[in-house]
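>>> A predicted structure for the sequence below; I have some questions about it.
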Amino acid sequence: MEKVIRDGEVAVLISQGFGTGWYSWYLKHPELLFHPKLVEMVEQGRRDEIDDDWVKEHLGIDMYAGGAGGLGIYWLPVGTAFTVTENGGYERLQMIDEVTLIA
């Protein structure tokens, strides 16, 4: 899977807006977190071009892309383990070392 890596950090895309999750609604598609073209579009302020048809055509994923409007880029050190949590469409990165597992 292609990723954007700069200065030892990887770009991770998540939705910062309430309403529709981006990755959290489509967990089987981690490319939604990392795809270089999506990172480029967010950096260029072109989120409005990322719609259902664009995602289907360029990534082959049939999805509702409503969360694209709230996409933000987080830079994490390469190799950082994380999960994405979601509440009402608002996504948040949670580092694995912050998770308390209860058996």
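Yep, that arrived. Numbers count the residues shown, from 1 in each chain.
>>> Please count neighbours and contacts with C-alpha atoms only from this point.
Noted.
>>> give me the number of residues near Y64?
For Y64, the tally of surrounding residues (other C-alpha atoms under 10 Å) stands at 17.
>>> From V10, how far off is it?
Distance, Y64 to V10, by C-alpha to C-alpha, to the nearest Å: 25 Å.
>>> What is the subsequent helix or strand relative to the helix or strand E86 falls within?
Applying DSSP states H and E as the criterion places E86 in strand 82-87. Per DSSP H and E, the first helix or strand lying C-terminal to strand 82-87 is strand 90-95.
>>> isn't there a helix covering W54?
Yes - if the criterion is DSSP: H, G, I helix; E, B strand; the rest coil, then W54 is within a helix.
>>> Please read off the pLDDT at it from the model.
pLDDT for W54: 97.
>>> Ok, L71 next?
So L71 comes in at 96 (pLDDT).
>>> could you give me the average pLDDT of the strand holding E86?
92.
>>> list the buried ones in that strand?
For strand 82-87, burial by neighbour count (16 or more other C-alpha atoms under 10 Å) applies to E86.
>>> just stretch 66-75 next, same as before
Of all the residues in stretch 66-75, those buried under the rule 16+ other C-alpha under 10 Å are G66, G67, A68, G69, G70, L71, G72, I73.
>>> Select from these every entry located in helices.
Nothing among these maps onto helices, per DSSP state H.
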